[in-house]
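In: Quick one, fold the following:
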Amino acid sequence: MSNPAHQAALAPDTRTRILDLAETLLLERGFNAFSYQHLAKELGVKPAAIHYHYPSKDDLGTALVTRQLRRLRKWRDLPRVADLPPAAQFEALLAVYDNHLGHDRRVCLFGALAADFRTLPPAMQAELRTFNRELTEWLAQVLAVGRATGGLRFVGSPAAKAAQVLITLAGALQAARVHDETPFQVIVGQLRLELLA
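Out: As a prediction, the model looks like this:
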């Protein structure tokens with residue numbers, strides 16, 4: 001028989017449950033395609049419970065992007081990523097996008113929010129810009145070291161190539177949503193062909 005106290009300790013708190021569900025809806029439908037009513041119904045709580053933790057949807061949206069930014073920073077600094085050679089770091093990045101594909105062809109955070117960017121609250125816009133800038137800078141550094149050490153190859157600046165790769169991956173997830181996963185695999189295969197020495 002299971003211990004109720006142990007189960008309660010393992011269950012995520014309400015704030016985390018709200019964020020988890022809102023993230024799922026964001027990546028599946030977009031930020032403007034769900035409401036606090038959707039969240040409350042799915043979680044089995046009253047909308048007031050959502051408002052208690054996130055007084056407005058602007059607050060919730062900003063919290064979602066901030067959480068993704070924290071995840072990015074943690075992921076890139078993990079020894080299983082940071083200690084890899086550049087080509088393997090690039091493969092680790094591709095695995096993140098492949099993971100999105102494996103979750104019912106979800107788009108990435110940038111892909112989910114870019115189309116609605118002008119309708120997002122300013123704080124959320126700022127966090128998304130920070131997220132995108134930090135991811136691009138990280139990849140540019142990986143590409144620069146990879147080219148210098150011979151593990152990666154490309155023409156042009158590392159910053160420009162990093163931006164191109166990330167936009168390509170976001171678009172590949174969008175294409176997979178419209179068709180199936182074939183375009184994504186073709187695009188990722190082309191990136192590997194062009195970048196891996």
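In: any idea how far residue 45 lies from residue 25?
Out: 15 Å (C-beta to C-beta, to the nearest Å). Where C-beta positions appear, they are placed from N, C-alpha and C, glycine not excepted.
In: Just after the helix or strand harbouring residue 99, pick out the following helix or strand.
Out: Take DSSP states H and E as the rule and residue 99 turns out to sit in helix 86-102. Of the helices and strands lying after helix 86-102 in sequence (DSSP H and E), the nearest is helix 109-114.
In: pull the CA atoms of that following helix into CSV?
Out: Written as CSV, here are the backbone C-alpha positions of helix 109-114 (Å, rounded to 0.1, in the frame of the first residue of the first chain):
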residue,chain,number,x,y,z
LEU,A,109,9.5,28.0,-27.5
PHE,A,110,10.8,30.4,-30.1
GLY,A,111,8.6,28.9,-32.9
ALA,A,112,5.6,29.0,-30.6
LEU,A,113,6.0,32.6,-29.7
ALA,A,114,7.6,34.4,-32.6
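In: now the helices for the protein?
Out: Under the criterion DSSP state H, helices of the chain are mapped to 4-10, 14-29, 36-43, 47-53, 57-77, 79-82, 86-102, 109-114, 122-149, 158-178, 182-195.
In: mind giving me CSV with those and columns for mean neighbour count and mean pLDDT?
Out: Below are the helices of the chain laid out as CSV (neighbours: other C-beta atoms under 10 Å; pLDDT from 0 to 100):
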stretch, mean neighbour count, mean pLDDT
helix 4-10, 8, 44
helix 14-29, 18, 91
helix 36-43, 16, 92
helix 47-53, 15, 91
helix 57-77, 17, 95
helix 79-82, 12, 94
helix 86-102, 17, 93
helix 109-114, 22, 90
helix 122-149, 18, 97
helix 158-178, 18, 95
helix 182-195, 14, 95
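In: Name the nearest residue to residue 149, sequence neighbours excluded.
Out: Nearest residue to residue 149 in three dimensions, chain neighbours excluded: residue 86, at 6.6 Å (C-beta to C-beta, 6 or more residues apart in numbering).
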